[in-house]
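**Q** Based on what follows, work out the 3D shape:
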Amino acid sequence: MSNLYWLTEAQMKRLRPYFPKSRGRVRVDDCRVLSGIIFINHNGLKWCDAPAEYGPPKTLYNRWKRWSDMGVFARIMMGLAEQAPDNATISIDATYLKAHRTASSLRLKKGLRGRLIGLTKVGMNTKLHAVTDTSGRPVRLFITAGQVSDYTGAAALMNGLLEAEWLLADRGYDADWFRDTLIYKGTKRCIPGGKSRKKTIKYDKRRYKRRNRIERMFDRLKDWRRVSTRYDRCPKVFLSAIALAVTVIFWL
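**A** Numbers count the residues shown, from 1 in each chain. Model prediction:
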């Protein structure tokens, strides 16, 4: 059991306020089941390959699917992030997550449109858009099909964008509407100008180096095999896998 992951009582105490209330029968031990769910997602295992110490695989999967559909794991991540705001300088960026053939199967009659999987130069992918705080911890997440532009993700994240003094982004976010929105919000921009711009845009190159924190965040997320490779067909379940990884890595 030394190689298995177990949530501590201190961690469970922080998570319990976000659990849905049990109705009818008493729920199977939350600590054991959630520890098994984390172990499966981190190691990229099939549910049937879950170690016996975590209990029946069907129990793990049913809890995972039910709570994912209810948005429990996303609420946990958002709730814990709101407890420790650190938003003086935020960053925005996106990364590709490889879709396994089990997730990108074409058996869906209308193609892959509803699964948020799209064809890119490197194959079938989902794109993860994220906003991180000053310390490089994710505070907002959004997923789209792989071929969707960074602008689309930025537009979706702008609605819930945190109040911040600075925003760091690469030249993929160099758009007049995005810069104007940040001005309206009172946020200073540190975004290099795109190559198509005729007029050079000045930006703080020293401050811009701090953007590597969001790049390192993506690298740490991709250590979780069910995040770096998408096995789940349902976008909501896959987003739950990402939110769970963020919670364990950055917020517990």
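**Q** Pull up the gap between the residue nearest to P51 when sequence neighbours are not counted and V148, please.
**A** With sequence-adjacent residues excluded and distances taken as C-beta to C-beta, 6 or more residues apart in numbering, P51 is closest to L4, at 5.9 Å. Any C-beta I mention is one placed from the backbone N, CA and C, and that applies to glycine too. Between L4 and V148 the distance is 38 Å, computed by C-beta to C-beta, to the nearest Å.
**Q** quick one, which of those two is more surrounded?
**A** V148 (18 against 12; other C-beta atoms under 10 Å).
**Q** Can you show me the strands along the stretch 1-150 of the chain?
**A** In the stretch 1-150 of the chain, the segments counted as strands under DSSP state E, counting those that start in this stretch are 89-99, 118-120, 123-132, 138-145.
**Q** Could you dump those into CSV with mean neighbour count, distance to K58 and mean pLDDT added?
**A** Output for the strands of the stretch 1-150 of the chain, formatted as CSV (neighbours: other C-beta atoms under 10 Å; distance: least, C-beta to C-beta, whole Å; pLDDT from 0 to 100):
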stretch, mean neighbour count, distance to K58, mean pLDDT
strand 89-99, 22, 25, 94
strand 118-120, 17, 32, 87
strand 123-132, 22, 27, 93
strand 138-145, 21, 27, 94
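**Q** just so I know, which of those lies nearest R197?
**A** Minimum separation from R197 across the strands of the stretch 1-150 of the chain (C-beta to C-beta) falls at strand 89-99, 19.2 Å.
**Q** That closest one pairs with which strands?
**A** Sheet pairing of strand 89-99 (DSSP bridges) gives strand 123-132 (antiparallel), strand 166-168 (parallel), strand 229-230 (parallel).
**Q** and that strand, how far out from the chain's middle?
**A** The chain centre lies 8 Å from the centre of strand 89-99; the measure is C-alpha atoms, centre = their mean, to the nearest Å.
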